[in-house]
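Asks: No letters, just coordinates:
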């Protein structure tokens with residue numbers, strides 16, 4: 001289901017003019033779009049995507065989000081979004097995400113908790129998706145040791 005490098009996930013972005021507020025920095029709500037887009041691209045790297053899962057009757061939802069803004073991003077900034085799978089259970093997954101500017105300085109960090117609403121209306125993680133996330137955790141632990 002996943003490519004060999006899918007678990008070490010990064011995505012590149014460029015801040016667009018309309019994403020900044022009257023103070024010349026990226027509006028706080030726009031960061032949520034960056035983080036969500038990264039998660040969707042991560043799913044694609046695993047061989048699936050949110051739309052495909054929804055068509056199969058699984059609706060991915062964010063249940064909790066913590067975000068820390070360290071440094072602002074401004075129009076024209078290039079930055080990297082990184083994602084790591086932190087935890088997976090039968091009904092929940094946790095991602096850590098971070099945004100880094102061009103000098104590789106941390107600008108934003110986030111912890112995203114989510115689940116999937118199964119076709120029966122109850123929370124749960126489809127087995128194939130859960131297994132891919134567990135494989136990522138194992139791969140990350142192997143790299144760290």
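Replies: Alright, I've got the coordinates. All figures in this text were calculated on a predicted structure; none of them were measured in a lab.
Asks: name the element the residue sitting furthest away from the middle of the chain belongs to?
Replies: Centroid-distance maximum for the chain: residue 22 at 27.3 Å, with CA atoms, centre = their mean. Counting by DSSP states H and E, no helix or strand carries residue 22.
Asks: mind showing which ranges of this protein have poor pLDDT?
Replies: 1-5, 145 (pLDDT under 70).
Asks: Which stretches in it count as helices?
Replies: Along the chain, counting by DSSP state H, helices occupy 28-45, 50-55, 127-144.
Asks: thinking residue 48 is in contact with residue 129, fair?
Replies: Yes - using CB atoms under 8 Å, residue 48 is in contact with residue 129, at 6.7 Å. C-betas here are computed from N, CA, C, even on glycine.
Asks: who's in contact with the residue nearest to the spatial centre of the chain?
Replies: Nearest to the mean C-alpha position of the chain, by CA atoms, centre = their mean, lies residue 39 at 3.1 Å. Applying CB atoms under 8 Å, 6 or more residues apart in numbering to residue 39 gives the contacts 83, 95, 97, 112.
Asks: Number of residues surrounding the third one?
Replies: It stands for residue 97. For residue 97, the count of nearby residues is 25 (other CB atoms under 10 Å).
Asks: Could you report the distance from the closest residue in space to it that isn't next to it in sequence to residue 96?
Replies: The spatially closest residue to residue 97, leaving aside those adjacent along the chain, is residue 110, at 4.6 Å (CB to CB, 6 or more residues apart in numbering). Counting by CB to CB, to the nearest Å, the gap between residue 110 and residue 96 amounts to 7 Å.
Asks: neighbour count winner among the two?
Replies: Under the neighbour definition other CB under 10 Å, residue 110 and residue 96 were set side by side, and residue 110 has more, 21 against 15.
Asks: Okay, and the beta partners of the more buried one?
Replies: residue 67, residue 97 (DSSP bridges).
Asks: Run a quick check on it versus residue 98, I expect a contact.
Replies: Yes - using CB under 8 Å, residue 110 is in contact with residue 98, at 7.4 Å.
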